[in-house]
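Enquirer: give me the fold of what follows.
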Amino acid sequence: MFQGEFSNNMDEKGRVSIPAAFRDVLKNCHADEKIIITRSHNTPCLIAYPTREWKRLQVAIKDMPANLKRHFIRAVITPSQIFSPDRQGRILLAGVLKEHASLSREVHFAGTGETFEIWDKSSWSKQVEAALVALQDFELDM
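Expert: Below you'll find the predicted structure:
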């Protein structure tokens, strides 16, 4: 399970290191260390899927209404790319993905369970502030 928050800097070539904790999850809990990274359809970030979760997403898409399915495929499936981190755990993100998330130097990784998100660090801070405001009156019954 991907959990925790980590920040890394993107180098001058546009490479960024996947956090070691997330690489360990890929190595120990998934059949391979490949990840599929694509746009989020509803937030300015990228989502990284292990192969198994990517297959689950594709199955879920099949049941979408045809008009939404077409939009979702264009927005999420089309820009997706498969990555295998190099020996230092780095990946080179494509321009279209970096543009969607407005990634520059400081990149923030956020675990979300079966996937993880990749954010511009300042965008992540604003998103968390908004989430905390939205949840301030919410109580979880446990």
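
Enquirer: just the strands in the chain please.
Expert: With DSSP state E, the ranges of strands along the chain come out as 5-9, 15-17, 35-39, 46-50, 81-83, 90-92, 106-111, 116-120.

Enquirer: tell me which of the ones you listed lies nearest to C29.
Expert: Among those, strand 46-50 comes nearest to C29, with 7.8 Å by CB to CB. For glycine as for every other residue, the C-beta is placed from the backbone atoms N, C-alpha and C.

Enquirer: related to what we said a few turns ago, can you redo the strands of the chain as CSV with mean pLDDT?
Expert: Rendered in CSV, the data for those read as follows (pLDDT from 0 to 100):
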stretch, mean pLDDT
strand 5-9, 97
strand 15-17, 96
strand 35-39, 97
strand 46-50, 97
strand 81-83, 96
strand 90-92, 96
strand 106-111, 97
strand 116-120, 98
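
Enquirer: export the ones you listed to CSV and tack on distance to Q136?
Expert: Shown next, in CSV, are the strands of the chain (distance: least, CB to CB, whole Å):
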stretch, distance to Q136
strand 5-9, 20
strand 15-17, 33
strand 35-39, 29
strand 46-50, 26
strand 81-83, 37
strand 90-92, 36
strand 106-111, 20
strand 116-120, 22
